[in-house]
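> Based on what follows, work out the 3D shape:
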Amino acid sequence: MKFRYLPLIAAIFSALIYAQTATPPANPPANLDLTLTSLDKENASDDIPFEALKTFVDVFDTVKSNYIETVSNEVLMENAIRGMLARLDPHSAYMNEKEYQEFEQQSDGQYAGIGVVLDIKAGSMRVVSAIEGSPAARAGIQSGDIIAQVNGQNVSDLTLGETARLLEGEAGTEVKLVVQRGDGITEYNLLREIIATSSVSSRMLGDEYAYLRISQFQDDTTDALEKEVAALRVKHTLRGAVIDLRNNPGGYLDSAVATADLFLNSGPILYVRGRDPDQEEQYIASDGDILSGLPIVVLVDEGSASGAEIVAGALQDQRRAVIVGQPTFG
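Next up is the predicted model:
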């Protein structure tokens, strides 16, 4: 599992595919209750909302037949799914195939844009972090800032994917932002660039302490981190390390778990629990601390989110590291 919500995406995307290939009839049958029941006679239970499904089909047909403009089945179904998830919590979202591909491209470390990671908080498009060296970071955009407008368009009612598409574009083109920070409003004119990020970098702090910077969790983060530490240990006798997770917005869950595992020999890293007991999963560290028990300090701030919080929390819970900095994003 690469994302904490990937199973949800897959399930909903499957539902969208079904909706596109099995379009509701223009005039729902009078015996719709019987039709729905026949879908699963043997496994029917009180939890299956047959009346709600009938209401949905009725509304779908009414909109399809009477709205002033022609609306495709795909648009109606996709927006119905988005609306359903929008009512749950800020972290539940739907991605269609195109949005999912764009999200993977960003997570893999290269796209054309301004270099911000966003989240929705109380209906506002909030900056989780500005990627190091990006146009947004150089302009001074910070974690916690609210993106109010992009190119004159209010984004408060848009999804994350829709806002991301407004921010992205051809390298060298301009994007205009209206950003709120506290009570102040600032306008920015930024040029899009190719955002290519290497998730790991390192250097020495003096002669004895390693500085390990992890900007996000990509597919190759764990391998890159192992190589960086090995190279430092060949040239230096280390007495400890600083792991910098500031402004790290997260990334792939499996990469974050594997990164925490690099600095542990045993013990739990993460416990995932859902409403269905069969979805419960526990990640346990394996033997092989690449720093051989040397002291670790982890740096965090309000831009440390998701996978960064998993790593910091696991190392703290196992008494493997001391956490220093500001309260994290979550």
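
> how much space between Ile243 and His236?
Using CB to CB, to the nearest Å, Ile243 is found at 16 Å from His236. Bear in mind the C-beta positions are built from the backbone N, C-alpha and C, glycine included.

> More neighbours: which of these two?
A direct count of neighbours by other CB atoms under 10 Å for Ile243 and His236 places Ile243 higher, at 26 against 14.

> Let me know the pLDDT of the more buried one.
You'll see Ile243 listed with a pLDDT of 98.

> Parallel or antiparallel, list what pairs with the helix or strand hosting it.
Using DSSP states H and E, Ile243 sits within strand 240-244. Applying DSSP bridges, strand 240-244 is found paired with strand 209-214 (parallel), strand 296-300 (parallel).

> Show the low-confidence segments of the protein, by residue range.
Within the chain, the stretches with pLDDT under 70 are 1-47, 90-91, 105-110.

> And the helices in it, which stretches?
Using DSSP state H, the helices of the chain run over 6-21, 32-38, 50-66, 73-86, 97-107, 135-139, 160-167, 221-235, 253-262, 307-317.

> Which of those sits closest to Ala196?
helix 97-107 (11.1 Å; CB to CB).

> What helices and strands are in contact with that closest one?
Other elements packing on helix 97-107 under the criterion 3 or more CB pairs under 8 Å, 6 or more residues apart in numbering; DSSP states H and E are helix 6-21, helix 160-167.

> Quick one: work out the angle between it and helix 160-167.
Counting by axes from the mean of the first three to the mean of the last three CA atoms, to 10 degrees, helix 97-107 points 70 degrees away from the direction of helix 160-167.

> Only alpha carbons, please: show helix 97-107 as PDB.
Listed next in PDB are the C-alpha coordinates belonging to helix 97-107 (Å, rounded to 0.1, in the frame of the first residue of the first chain):
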ATOM      1  CA  GLU A  97      -7.600   8.000 -13.000                       C
ATOM      2  CA  LYS A  98      -6.000  11.200 -14.300                       C
ATOM      3  CA  GLU A  99      -5.800  12.800 -10.800                       C
ATOM      4  CA  TYR A 100      -4.300   9.600  -9.500                       C
ATOM      5  CA  GLN A 101      -1.600   9.500 -12.200                       C
ATOM      6  CA  GLU A 102      -0.800  13.200 -11.400                       C
ATOM      7  CA  PHE A 103      -0.500  12.400  -7.700                       C
ATOM      8  CA  GLU A 104       1.800   9.500  -8.400                       C
ATOM      9  CA  GLN A 105       4.000  11.800 -10.600                       C
ATOM     10  CA  GLN A 106       4.300  14.400  -7.800                       C
ATOM     11  CA  SER A 107       5.100  11.700  -5.200                       C
END
